[in-house]
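Colleague: kindly return the folded structure for what I paste below:
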Amino acid sequence: MKRKEILDRAAVIVGGKDGQHGGTEDNFNRIARLWYAYKGTPFTAKDVAVMMILLKVARIASGHQNDDNFVDIAGYAACGGELEASDDV
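Modeller: Numbers count the residues shown, from 1 in each chain. Coordinates of the predicted model:
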């Protein structure tokens, strides 16, 4: 898969997430609260984006090829970048 295809697929997925699982920030904050309840360590929505990227990196490191891992990383990076920018406002 070419890099533009990866980015285009990620854009479609990220653009459609709000309707499927609620807003990205709300969903990532919900995940952060659940992780806090489980681990007793505070997490932010941005932490969720980074941790999900690391999950995908771990899957890549397993040696089982799946182009979706790279698409998902691009999507999580976009979500994390948007969350980062919203904190700067």
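Colleague: ok, which stretches of the chain are helices?
Modeller: For the chain, the helices defined by DSSP state H occupy 3-21, 24-39, 45-61, 67-88.
Colleague: elements contacting the third one?
Modeller: Packing contacts for helix 45-61, counted by 3 or more C-beta pairs under 8 Å, 6 or more residues apart in numbering; DSSP states H and E, involve helix 24-39, helix 67-88. For the C-beta atoms, the positions are set from N, CA and C on the backbone; glycine is no exception.
Colleague: and the angle from the first one to helix 45-61?
Modeller: Put plainly, it is helix 24-39. Note on geometry: by axes from the mean of the first three to the mean of the last three C-alpha atoms, to 10 degrees, helix 24-39 and helix 45-61 are set 80 degrees apart in direction.
Colleague: one step back: quick check: which of the helices and strands packed on helix 45-61 is nearest to residue 1?
Modeller: Distances from residue 1 to each of the helices and strands packed on helix 45-61 were compared using C-beta to C-beta; the shortest belongs to helix 67-88, at 4.9 Å.
Colleague: picking up where we left off before, among the helices and strands packed on helix 45-61, which comes closest to residue 49?
Modeller: helix 67-88 (3.2 Å).
Colleague: flag the shaky bits of this protein, pLDDT-wise.
Modeller: When residues are selected by pLDDT under 70, those of the chain lie in 16-21, 88-89.
Colleague: nearest residue to the middle of the chain?
Modeller: A centroid search over the chain (C-alpha atoms, centre = their mean) returns residue 76, at 2.7 Å, as the residue closest to the centre.
Colleague: that one and residue 39, how far apart?
Modeller: Using C-beta to C-beta, to the nearest Å, we find residue 76 at a distance of 20 Å from residue 39.
Colleague: coming back round to it: please name whichever of the helices and strands packed on helix 45-61 is nearest to residue 58.
Modeller: Between those, helix 67-88 lies closest to residue 58; by C-beta to C-beta that is 9.4 Å.
Colleague: report the buried residues of the closest one.
Modeller: By neighbour count, with 16 or more other C-beta atoms under 10 Å as the criterion, the buried positions of helix 67-88 are 69-80, 82-83.
Colleague: can you check stretch 2-20 too?
Modeller: Of all the residues in stretch 2-20, those buried under the rule 16+ other C-beta under 10 Å are 6, 9, 10, 13, 14.
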